[in-house]
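1. When you get a sec, could you give me coordinates for this:
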Amino acid sequence: MKKQHKITLSVLAAAAVVAGCATAPGSADIDKLTADIVKASFRDQGIVKASVLDTDETNKVCSAADVAGKPLDEKMGKVIEAANLKTVKWPANGKFLGDWKEGEKLAQSGRGLTWTDDAKTPNGGNCYNCHQISKEEISFGTIGPSLYNYGKIRGVVDPSSAAAKPMVEYTWGKIWNSKAYNACSNMPRAGHMGILNEAQVADIVALLLDPKSPVNR
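-> Alright, predicted model coming up:
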């Protein structure tokens, strides 16, 4: 990364010298030049394709706000959330909860989506990297909030009850496409981006909401 950073700076500096001070490239030109250099530095290898560098409008808007050091406009945030909510794929069989034991395995697994992985190997949820999941964990990330007692704190005693339905649907939607609820969320859009399939999302929802799972004990 350091080598690539130096190359990028060198190219930008050369461009500025050639153009002359009066016609130095603007920020849009520099952004495009940088994007072109980065894209040219990657290639398809294994299951990973260079197209992973392509970003949609949601990521572009959020990145621009981050670069500007300003919070995203509230109205724009609502527009982004509404657009992403429309992409949430709800369970085809109507069952939001799968097997929490399988969900725990997924949450603890960080493998998948690297060029050395086999396409047939299931991806992990990598949840522990940003969240505490159970009381027994001694190592976990803190980028996201603790998920310990997720269902219990939210009063989900029986996930199949009508009273629990709004929280069950929210949990599914959040895992499928986090930006449907927080426009510039750092959480991966697991279902939307194909990281997890429908059955895997159901298993993680069960991990978070089933009273018998280690999350709620």
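
2. Every contact and neighbour count from this point should use C-alpha atoms.
-> Fine.

3. so how far is Lys165 from the most centrally placed residue in the chain?
-> Closest to where the C-alpha atoms of the chain average out (CA atoms, centre = their mean) is Pro188, at 0.8 Å. Distance of Pro188 to Lys165, computed by CA to CA, to the nearest Å: 23 Å.

4. pLDDT at Ala15, what is it?
-> On the pLDDT scale, Ala15 is placed at 51.

5. whoops, I mixed them up, Ala22
-> Taking Ala22 on its own, its pLDDT is 52.

6. next one: Lys39
-> Reported pLDDT for Lys39: 82.

7. That one belongs to a helix, doesn't it?
-> Yes: inclusion of Lys39 in a helix is indicated when DSSP: H, G, I helix; E, B strand; the rest coil is applied.

8. So what's the residue count around Ser63?
-> By the criterion of other CA atoms under 10 Å, Ser63 has 15 neighbours.

9. And it, how far from Met193?
-> 18 Å.

10. Also Thr114?
-> Plainly put, Thr114 is 15 Å away from Met193 if you go by CA to CA.

11. More neighbours: which of these two?
-> Thr114 (14 against 11).

12. Bridged to the residue nearest to the more buried one when sequence neighbours are not counted, which residues?
-> Nearest non-adjacent residue to Thr114, counting by CA to CA, 6 or more residues apart in numbering: Val48, 6.3 Å away. Beta bridges link Val48 to Gln45, judged by DSSP bridges.

13. In the chain, where is pLDDT below threshold?
-> 1-23 (pLDDT under 70).

14. Quickly list the domain ranges of it.
-> 1-41, 46-217 (automatic domain parsing).

15. Contacts for stretch 84-94 next, please.
-> 172-173, 176-177, 179-181, 191-192, 198 (CA atoms under 8 Å, 6 or more residues apart in numbering).

16. farthest pair in those residues?
-> With distances taken as CA to CA, the most widely separated pair in these is Tyr181 and Glu198, at 19.0 Å.

17. which of the contacts of stretch 84-94 has the most neighbours?
-> With neighbours taken as other CA under 10 Å, the top of those is Trp176, carrying 29 neighbours.

18. Just give me the neighbour total for Trp115.
-> When neighbours are counted by other CA under 10 Å, Trp115 registers 13.

19. any idea how far it lies from Ile133?
-> For Trp115, the distance to Ile133 (CA to CA) stands at 28 Å.

20. do the same with Cys62
-> Noted for Cys62: a distance of 28 Å to Ile133, by CA to CA.

21. what's the answer for Ser185, then?
-> In terms of CA to CA, Ser185 sits 19 Å off from Ile133.

22. and if you look at Thr87?
-> 27 Å.
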